[in-house]
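S.K.: Build the 3D model from these lines:
(one chain, ligands or ions: 1)
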Amino acid sequence: MSDPVQELKDFKPRKEFFVGIDSDGCAFDSMEIKHKECFCPQFIYHFGLQSVSKYAREVWEFVNLYSKNRGCNRFMAIQYATELLAARKEVKDRHAEVPVLKDLADWCKRETKLGNPAFLAEVERNPSDEMKMIKAWSLGVNETIAWFVKNVPPYPLVEESLQKMTEKADALVVSQTPTEALEREWGEHGIDKYVRMIAGQERGTKTEHIRFAAGGKYPAEKILMIGDAPGDYKAAKANDALFFPINPGHEEASWEKLYNEGLDRFFAGTFAGSYQEELLREFDQYLPEKPGWN
Ligand SMILES: [Mg+2]
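M.R.: Residues are numbered from 1 along each chain as shown. Take a look at the predicted model:
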């Protein structure tokens, strides 16, 4: 198999501009179904959280949907979620045991390609009970998503926006979802034809996707990232790129704004500065940092 990161590094500009697009919760309205119906039940089952399922669900949804960590990589999410859950009074009062993910934390410090291929190789090297439990959860999530998540179309104006942007820009999917799921979802709705490449979690972090595919190949002011989570903004900022937020809960309005105004400004060179700052100010209001149950 070819090196998934090298393919990004070999990415060559064909157009003047570059656009990175996040998938879940940005192009697709798929965050709720994936987290509520797929990730969360598998979390409760594989981590033995049946006795505190209500709180496990609240925590999972806070981390992955309704906080500044929205859209983060699953192997990071599972650490945030177990830590937050273990600290809850209701969980302590019930003497429920929440697994401590020490081996996973060590692996995440060493590795940036936080996808199942690198993870499964690590479980081979270190088949601890903790790692085997996380493996069962992660594979269970993929299986559930494959049979459960269907007929979830892109948001209105996504296809029109892709059409408009790719007249002048090379487009890349920049995501922390497994590539096989991304290819299935972009292919199912016929919008994979607009993007030059699909970069999932196996190709590294979102920051790395942009850096390897676009860094030094386009001027920074001609690189735009579109996303629905603070992590997407961080990936743009780390590359000095511009960022257009798809505001959680207001996705349609955001795509309308991008289609009617944002893309024109990006191509005209009037996006940076006050327009960018205003977008970021608004985006920052939508997701809290701290949970409301404390
Ligand atoms: Mg997202």
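
S.K.: For the residue of the stretch 101-250 of the chain found nearest the ion, which residues are in contact?
M.R.: Proximity to the ion, evaluated over the stretch 101-250 of the chain using CB to the ion, is greatest for Asp228 at 4.4 Å. Where C-beta positions appear, they are placed from N, C-alpha and C, glycine not excepted. Contacts for Asp228 (CB atoms under 8 Å, 6 or more residues apart in numbering) come out as 22, 25-26, 31, 70-71, 245-248, 251.

S.K.: out of those residues, which touch the ion?
M.R.: 22, 25-26, 71 (CB under 5 Å from the ion).

S.K.: Select from those residues the one having the most neighbours.
M.R.: Greatest neighbour count in those, by other CB atoms under 10 Å, goes to Cys26: 30 neighbours.

S.K.: so who does the closest residue to Ser51 other than its chain neighbours touch?
M.R.: Excluding the flanking residues, the one nearest Ser51 by CB to CB, 6 or more residues apart in numbering is Ala96, at 5.1 Å. Applying CB under 8 Å, 6+ apart, we find Ala96 in contact with 49, 51-52.

S.K.: near the ion, which residues of the stretch 151-294 of the chain?
M.R.: Residues of the stretch 151-294 of the chain lying near the ion (CB under 5 Å from the ion): 228-229.

S.K.: where exactly do the strands run in the protein?
M.R.: Secondary structure of the chain (DSSP state E): strands located at 17-21, 169-174, 197-199, 223-227, 242-245.

S.K.: tell me the domain ranges of the protein?
M.R.: 4-29+153-284, 31-148 (automatic domain parsing).

S.K.: How about the residue in the stretch 51-200 of the chain that the ion sits nearest to, nearest residue that isn't a chain neighbour?
M.R.: As assessed by CB to the ion, the ion sits closest to Gly71 within the stretch 51-200 of the chain, at 3.7 Å. Of all residues not flanking Gly71 in the chain, Ala229 sits nearest, at 3.2 Å (CB to CB, 6+ apart).

S.K.: Could you check how far that neighbour is from Phe266?
M.R.: 20 Å (CB to CB, to the nearest Å).

S.K.: what do you get for Glu208?
M.R.: When CB to CB is the yardstick, Glu208 and Phe266 sit 22 Å from each other.
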